[in-house]
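Asks: build me a structure from this.
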Amino acid sequence: MKVSVKWNGKKFDEIEVAEALPGLEFKKQLFALTGVEPDRQKILVKGGTLKDDADMRSLGLKEGQVLMLMGTAGELPKAPTTQTQFVEDLSDTQLAKALKVPAGLTNLGNTCYMNATLQCLRAVPELQTSLKGVPATFNQDARSNLLKSMSGLYTQLANSGDAVTPLVFLQVLRSNFQQFAEQNNHGFMQQDAEECWGEIISALSEKAPGFDADGLVDPSKKFIDQYFTGETISTMTCPEAPSEGAKVEVGTFRQLKANIGSGVSTYMLTDLENNFVETIEKNSESLGRTAVYKKVTKITRLPTYLTINFVRFQWKASERIKAKILKRVKFPFDLDMSSLCDINLLEKLSPAKLHLKKVEEEKAAAKKAKKNPVGEQGPAPMDVDSTSQSNAVTNQAIMASLSVDPSLTNDIGCNPSGQYELVAVLTHRGLGANSGHYIGWMKNEKGEWWKFDDDTVSMVNEEEITKLEGGGDWHTAYIVLYKAKAL
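Replies: This next block holds a predicted model:
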């Protein structure tokens, strides 16, 4: 006897039915035709669906009868290897790992100044690579031990879903710098975060290894010299005695001081520019009396990471405290340092600066093109994925392709464009540097801003960062960290 079978919009005619065999054998025939495995087949027959052990003679099939087959061809889905977990069933630690929330640091008693500093410095991935080049065993070298404990702490933070207790690092910090072990009747005292930042950078400058031209850790190089140190040239002249000639000095800096100007609010870059021009009264040998000198400073080398400290605290001798200046200081998310650079450096920065400007224009054009309605003419989107470009070739190769001056191309850790982006802010809330509360705010590689309030960590938007400019009783920017924009 022959029947027809319909399946998935198809019809298979003249299928031979061996009535003497059970239903499973008929299913095997259909499997050969359709790819639907026997245990997934549902064949509609009189009384229901065809069973594997069914007697085909008892079904009352007729010559040319059409049967309906239901079932999906292909492999049966496998059971999941791991049990499905729902968000509400996750612990706080599991949830933090699943959402990739960075770990916070436990406050061990007025240690927010240290916690905020450490979290801000996590915005420097090169530092963590450098620290891995320090021998792991502790010894009698206090500075080396500080770097080892710092490296271990950063490893814990990277792998933990819970807040990390920085007890070892705190103990080593206090053994290196006794001022952080100062106590009163209530226990360990609050300290100045800017002082903590400076001491940690100082220790890193002694022991943290730098990098060679291939990006490998090189113990003969100094990380802080490469990535955090800028260079300046200062020229001092006396308008009253032009015959004296100019006195030229060269110097270095690891952070720039922004002395807050007058007015209701000021701009960080304006305050820096004002600091680079000084009026000094001193004795003039040619005039034989006190004269007014003008000192102008310009930057001759910009580091990859630029630290700027807002001078918000002034010592009040009468009250014996560091009083706080609450004035609003506006700081940008994108910083152009060209106005503070020496003319020779400006010329060298030009190719990379123009390149970044072109990249930003292309990004803006691509963004605008995506907004155009269908059918409306507009500029075609352009490939402006600078991240993938940076991954494809080394930074030196990019600079070489832009004809950047060799003195910059060969200077590991310098900023070849003078263009920066904000990556961290350390804030203070309160009236004195040795009181109140410190918090770290850091931007990760995805461009997400995170607030690190000791062991409490939360994501924030850029509007929250803008509110840190000051001018009221809120967290006020004390230190800002900028990173050279990627080419």
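
Asks: which residues in the protein form helices?
Replies: Along the chain, counting by DSSP state H, helices occupy 23-34, 92-98, 112-121, 125-131, 142-159, 167-176, 193-207, 223-227, 268-275, 343-371, 386-392, 395-401, 406-409, 462-466.

Asks: and those, which is most packed in?
Replies: Counting by mean count of other Cβ atoms under 10 Å, helix 112-121 has the highest mean neighbour count of these, with a mean of 25. For the C-beta atoms, the positions are set from N, CA and C on the backbone; glycine is no exception.

Asks: span of stretch 305-316 from start to end?
Replies: End-to-end distance for stretch 305-316: 32 Å, by Cα to Cα, to the nearest Å.

Asks: lowest-pLDDT helix or strand in the protein?
Replies: helix 386-392 (a mean of 34; mean pLDDT, DSSP states H and E).

Asks: still on that earlier bit, what's the closest of the helices of the chain to residue 437?
Replies: helix 112-121 (5.6 Å; Cβ to Cβ).

Asks: hmm, who's touching that closest one?
Replies: 104-105, 107, 127, 150, 153, 166, 169-170, 173, 180, 190-193, 196-197, 200, 424-427, 437-442, 452, 454, 479, 481 (Cβ atoms under 8 Å, 6 or more residues apart in numbering).

Asks: what separates it from the chain centre, distance-wise?
Replies: Remark: helix 112-121 is offset 15 Å from the chain centroid, using Cα atoms, centre = their mean, to the nearest Å.

Asks: when you give positions from now on, start the count at 53
Replies: Noted, 53 is the first residue going forward, which turns the last one into helix 164-173.

Asks: pLDDT on that helix, on average?
Replies: Per-region confidence: helix 164-173 scores 98 on mean pLDDT.

Asks: and what of stretch 225-241?
Replies: Here the average pLDDT along stretch 225-241 is 93.

Asks: low-confidence ranges, the stretch 353-502 of the chain, go.
Replies: Within the stretch 353-502 of the chain, the ranges that satisfy pLDDT under 70 run 424-446, 485.

Asks: from residue 506, how far off is residue 218?
Replies: As judged by Cβ to Cβ, to the nearest Å, residue 218 and residue 506 stand 10 Å apart.

Asks: those two: who's more crowded?
Replies: The neighbour count for residue 218 versus residue 506, taken as other Cβ atoms under 10 Å, is higher for residue 218 (24 against 20).

Asks: got the contact list for the more buried one?
Replies: 157, 158, 160, 163, 166, 167, 170, 205.

Asks: which stretches of the stretch 103-252 of the chain have low pLDDT?
Replies: If you take pLDDT under 70 as the line, the stretch 103-252 of the chain has these spans: 127-151.

Asks: residues touching residue 459, list them.
Replies: Residue 459 sits in contact with residue 400, where contact means Cβ under 8 Å, 6+ apart.

Asks: that one and residue 358, how far apart?
Replies: Taking Cβ to Cβ, one finds residue 459 at 19 Å from residue 358.

Asks: do residue 277 as well
Replies: From residue 277 to residue 358 the distance is 15 Å (Cβ to Cβ).

Asks: I'd like the helices of the chain written out as JSON lines, with distance to residue 101 added.
Replies: Formatted as JSON lines, the helices of the chain follow (distance: least, Cβ to Cβ, whole Å):
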{"stretch": "helix 75-86", "distance to residue 101": "10"}
{"stretch": "helix 144-150", "distance to residue 101": "43"}
{"stretch": "helix 164-173", "distance to residue 101": "64"}
{"stretch": "helix 177-183", "distance to residue 101": "62"}
{"stretch": "helix 194-211", "distance to residue 101": "54"}
{"stretch": "helix 219-228", "distance to residue 101": "68"}
{"stretch": "helix 245-259", "distance to residue 101": "75"}
{"stretch": "helix 275-279", "distance to residue 101": "73"}
{"stretch": "helix 320-327", "distance to residue 101": "78"}
{"stretch": "helix 395-423", "distance to residue 101": "53"}
{"stretch": "helix 438-444", "distance to residue 101": "55"}
{"stretch": "helix 447-453", "distance to residue 101": "67"}
{"stretch": "helix 458-461", "distance to residue 101": "76"}
{"stretch": "helix 514-518", "distance to residue 101": "62"}
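
Asks: quick revisit: list residues touching both of residue 218 and residue 506?
Replies: 157, 158, 167.

Asks: between those, which is closest to residue 377?
Replies: Looking across the shared contacts of residue 218 and residue 506 and measuring by Cβ to Cβ, the closest to residue 377 is residue 167, at 23.8 Å.

Asks: could you check how far that closest one is from residue 216?
Replies: 10 Å.

Asks: identify the contacts common to the two.
Replies: 156, 157.

Asks: now do the residue lying closest to residue 478 once chain neighbours are set aside, the pLDDT please.
Replies: Using Cβ to Cβ, 6 or more residues apart in numbering and skipping residues adjacent in sequence, the residue nearest residue 478 is residue 531, 4.1 Å away. Looking at residue 531, its pLDDT is 97.

Asks: partner residues bridging residue 531?
Replies: residue 361, residue 478 (DSSP bridges).

Asks: give the full set of residues in contact with it.
Replies: 172, 245, 246, 249, 307, 359, 360, 361, 362, 477, 478 are the contacts of residue 531 under Cβ under 8 Å, 6+ apart.

Asks: before we move on, what about residue 115?
Replies: Contacts of residue 115 (Cβ under 8 Å, 6+ apart): 53, 54, 55.

Asks: which ChimeraX command selects the buried ones in these?
Replies: A single ChimeraX command selects the buried members of the contacts of residue 115 (16 or more other Cβ atoms under 10 Å):
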select :55
